[in-house]
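Asker: How does the following fold in three dimensions:
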Amino acid sequence: MIAATKPMLAPRTLPHGCVDRPKVNDCDSCGARALSVCGSVADQDLKRLGDLAEVVKLAAGAVLTREGEPAPHVFNITSGSLRVYKLLPDGRRQITGFLFAGDFLGLAIGEVYVFSAEAIEPTTVCRFRKGPFRALVESSSPLEHMLLHRTSHELAAAQNQMLLLGRKTAIERLASFLLDLPGHDPARPTAPGHVRLPMKRGEIADYLGLTIETVSRVLTRMKAKGIISMPSQSELIVERPDLLRAHACGEL
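Answerer: Got it, this is the predicted structure:
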């Protein structure tokens, strides 16, 4: 399911803030294994997968991939979070997604990356060369099926994002975002109603197609209505999930 590529290019030098640690064999101790495609790999293939992996540690703000650069790798996020985005011709940024532990990046067929990916916080990924990884996928039906499932999930997420940007109002977009976000980061469960916000307000705005001012204004309005409380910039508590859900569905 991953197309054959040209001979592999030499890995590019990682930017300041990234640390390369080749060869990872202790997949059993990986906290993200149960959440990722690796969880579908049979025990006999797990060592092969570990032998293919290179651990890359990213500081907050470090670049993992840059749009338009050669794409010799795919990535499995094992901790932290990434923002994935594209730049518009006028320089504006459209964030297309936030990825967390267990998410897989780079499944799209192509010789160059069609997106940029940066760490929101200290993040660790396992990096795989496309050629050897494709060979492993072809020999492991469970892994191939899991990747197909992930690809279908990404398509559904893209369709939801189109609806979010094309039809929903500002408060409907933000309410939908707050309801969905906890489910995307299962490696770090929170108390019921608590929402971790590792991303900045500007990043939320770029994801929802809004301005920072609009995001701040809508959050303030939700707080005034008693729908949410905000103990800090990086944490939010949903006090009235029924009202938040009603806003997300356009019922208010």
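
Asker: immediately after the lengthiest helix in the chain, which helix or strand?
Answerer: Counting by DSSP state H, the longest helix found in the chain is helix 141-167. Sequence-wise, the next helix or strand downstream of helix 141-167 (DSSP states H and E) is helix 170-180.

Asker: got a list of contacts for that following helix?
Answerer: Applying C-beta atoms under 8 Å, 6 or more residues apart in numbering, the contact partners of helix 170-180 are 164-165, 168, 195, 204, 207-210, 214-215, 218-219, 221-222, 228, 236, 238, 241, 244-245, 247-250. Every residue, glycine included, has its C-beta placed from N, CA and C.

Asker: What residues of it count as buried?
Answerer: The neighbour-count criterion (16 or more other C-beta atoms under 10 Å) identifies 170-179 as the buried residues of helix 170-180.

Asker: Stretch 104-114 too?
Answerer: 104-106, 113.

Asker: what pLDDT, on average, does that stretch get?
Answerer: For stretch 104-114, mean pLDDT rounds to 83.

Asker: Repeat that for stretch 128-148.
Answerer: For stretch 128-148, the per-residue pLDDT averages 83.

Asker: same deal with stretch 164-181?
Answerer: Model confidence over stretch 164-181 averages 89 on the pLDDT scale.

Asker: Can you pull up the most central residue in the chain?
Answerer: Leu99 (1.1 Å; C-alpha atoms, centre = their mean).

Asker: List the contacts of the closest residue in space to that residue that isn't next to it in sequence.
Answerer: Excluding its sequence neighbours, the residue lying closest to Leu99 (C-beta to C-beta, 6 or more residues apart in numbering) is Leu82, at 4.5 Å. Going by C-beta under 8 Å, 6+ apart, Leu82 touches 64, 98-99, 103, 105, 117-120, 123.
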